[in-house]
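# Next come a sequence and a model predicted from it.
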Amino acid sequence: MRAVTFIGVPLDLGAGRRGVDMGPSALRGAEIHARIRELGYDVADHGDMEVSIAETRDPGDPKLKYLKEIRQTCEALRDVVAGVLGEGRMPIVLGGDHSIAMGTIAGAAQHHRQRDKKIGLIWFDAHGDMNTPDTSPTGNIHGMPLAVALGLGEDSLTSLAGEAPMVDGARAAVVGLRDVDLAERANIKETGIGAFTMRDIDERGMRTVMEEAIKRASTGTAGIHVSFDIDGIDPDFAPGVGTPSPGGISYREAHLAMEMLSDTGLVMSAEVVEVNPILDHRNNTAKLGVGLLASLLGKKIL
């Protein structure tokens, strides 16, 4: 039987706006366990990781706010993810802000590196998440995790998996870009990641974009990690996010992407992040996140 373990990470220190710390509860409240069990999975839940609260900590360096606390959470998450993979189960991380991806990807990369294998990455996001401390306009670490995974930025973060980069740019893709800081554009080019904007999706369609993204992430890899920032979806469908950006991926485009990833049989780990229930309507954004996870894990229309 296929097996998944959910890991809640109610961290919001990487973001500039409070609320995503309630994301794991919102996703669980959207019946995530029942929906995935219906697909024939053995479902376990690790519970929530222990995280620091902003009001009890000093942000520290304004270019890397809450670095120590975020790094500690990511180190702990790395070890849990590696442990779950070692048990032959699929870790699915529920965020929290997107800075937690550094821990998830570090765990997956470390697990597979010990077996002389590399991992692929497909990252869904409205934003580049490719800032470094030198380029970030805010110092919020949730704008840096993709750069870190690809080997750019703060050394104590890029080394979370032991070696940097955690993922090769040639084996990674980011899908749904539409709000990229000027200074981070050079970082995107430097890493060699496949960067697919909303214009690419508009002109070529989600199917073609996903075919290319999957080819990158599956070539010479043990499998694919899927990191889904729910703000990659248009706010008409996903209003409950901290940094909404109009003109995003549609409901059906998002499901098509998940269905195509499911068809590969190569998805080995995943995370859904940046659900902010404070800004949501009737938990619809969390329900959408659960629906997308179901598609990623094999739910079909027929």
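Happy to help now that I have it.

# so where do the helices sit in the stretch 51-200 of the chain?
Assignment of helices within the stretch 51-200 of the chain using DSSP state H, counting those that start in this stretch yields the ranges 67-86, 101-113, 145-149, 155-158, 185-191, 198-218.

# any chance of those helices in a markdown table, plus distance to residue 249 and mean pLDDT?
Placement of C-beta: from N, CA and C, glycine included. What follows is those, written out as a markdown table (distance: least, Cβ to Cβ, whole Å; pLDDT from 0 to 100):
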| stretch | distance to residue 249 | mean pLDDT |
| --- | --- | --- |
| helix 67-86 | 26 | 98 |
| helix 101-113 | 18 | 98 |
| helix 145-149 | 17 | 98 |
| helix 155-158 | 27 | 98 |
| helix 185-191 | 18 | 97 |
| helix 198-218 | 7 | 98 |
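
# Not counting sequence-adjacent ones, nearest residue to residue 171?
Beyond its immediate neighbours in the sequence, the residue positioned closest to residue 171 (Cβ to Cβ, 6 or more residues apart in numbering) is residue 120, lying 4.6 Å away.

# now do residue 169
If the residues on either side of it in the chain are set aside, residue 169 comes closest to residue 192, at 3.4 Å by Cβ to Cβ, 6+ apart.

# Can you verify my assumption that that neighbour contacts residue 167?
No - counting by Cβ atoms under 8 Å, residue 192 stays clear of residue 167, with 11.0 Å between them.

# So which of these two has more stuff around it?
Regarding residue 192 and residue 167, a neighbour count based on other Cβ atoms under 10 Å identifies residue 167 as having more, with 26 against 14.

# Roughly how far does the more buried one sit from residue 259?
23 Å (Cβ to Cβ, to the nearest Å).

# for residue 198, same thing?
When distances are taken as Cβ to Cβ, residue 198 and residue 259 turn out to be 20 Å apart.

# can you check residue 98 too?
Applying Cβ to Cβ, one obtains 23 Å for the distance of residue 98 from residue 259.

# and the two? which has more neighbours close in?
For residue 98 versus residue 259, the count of surrounding residues by other Cβ under 10 Å is larger for residue 98: 32 against 17.

# Surely the more buried one and residue 142 touch.
Yes - the pair residue 98 and residue 142 qualifies as a contact (Cβ under 8 Å) at a distance of 4.6 Å.

# can you list residues touching both of these two?
Any residue near both residue 98 and residue 142 by Cβ atoms under 8 Å, 6 or more residues apart in numbering counts here, and that gives 14, 129, 274.

# Could you give me the buried positions within stretch 27-34?
Burial within stretch 27-34, assessed by neighbour count using 16 or more other Cβ atoms under 10 Å, is assigned to 27, 28, 30, 32, 33.

# Angles on the backbone of the first one, please.
Spelled out, that is residue 27. Dihedral pair for residue 27: phi -70, psi -40, per degrees, to the nearest 10.

# tell me the contacts of it?
The neighbourhood of residue 27, defined by Cβ under 8 Å, 6+ apart, consists of 94, 272, 275, 286, 289, 290.

# Report the beta-bridge partners for the first one.
Here residue 94 sits in beta bridges with residue 8, residue 272, going by DSSP bridges.

# thinking it is in contact with residue 4, fair?
No - counting by Cβ under 8 Å, residue 94 stays clear of residue 4, with 11.5 Å between them.

# Who has more neighbours out of those two?
Here residue 94 and residue 4 are compared on neighbour count by other Cβ under 10 Å; more neighbours surround residue 94, at 29 against 23.

# ok, that one - contacts?
6, 7, 8, 9, 23, 24, 27, 28, 32, 271, 272.

# Contacts only, for the residue most central in space within the chain.
Against the mean C-alpha coordinate of the chain, by Cα atoms, centre = their mean, the closest residue is residue 227 at 2.6 Å. Going by Cβ under 8 Å, 6+ apart, residue 227 touches 98, 101, 104, 105, 121, 122, 123, 124, 125, 270, 271, 273.

# Which parts of the stretch 1-150 of the chain are strands?
All strands of the stretch 1-150 of the chain, identified by DSSP state E, counting those that start in this stretch, fall at 3-9, 42-48, 90-95, 120-124.

# can you list the residues that contact the first one?
Okay, so that is strand 3-9. Residues outside strand 3-9 that contact it (Cβ under 8 Å, 6+ apart): 24-25, 28, 32-33, 36, 41-49, 51, 73, 77, 80-81, 84, 87-96, 100, 103, 297.
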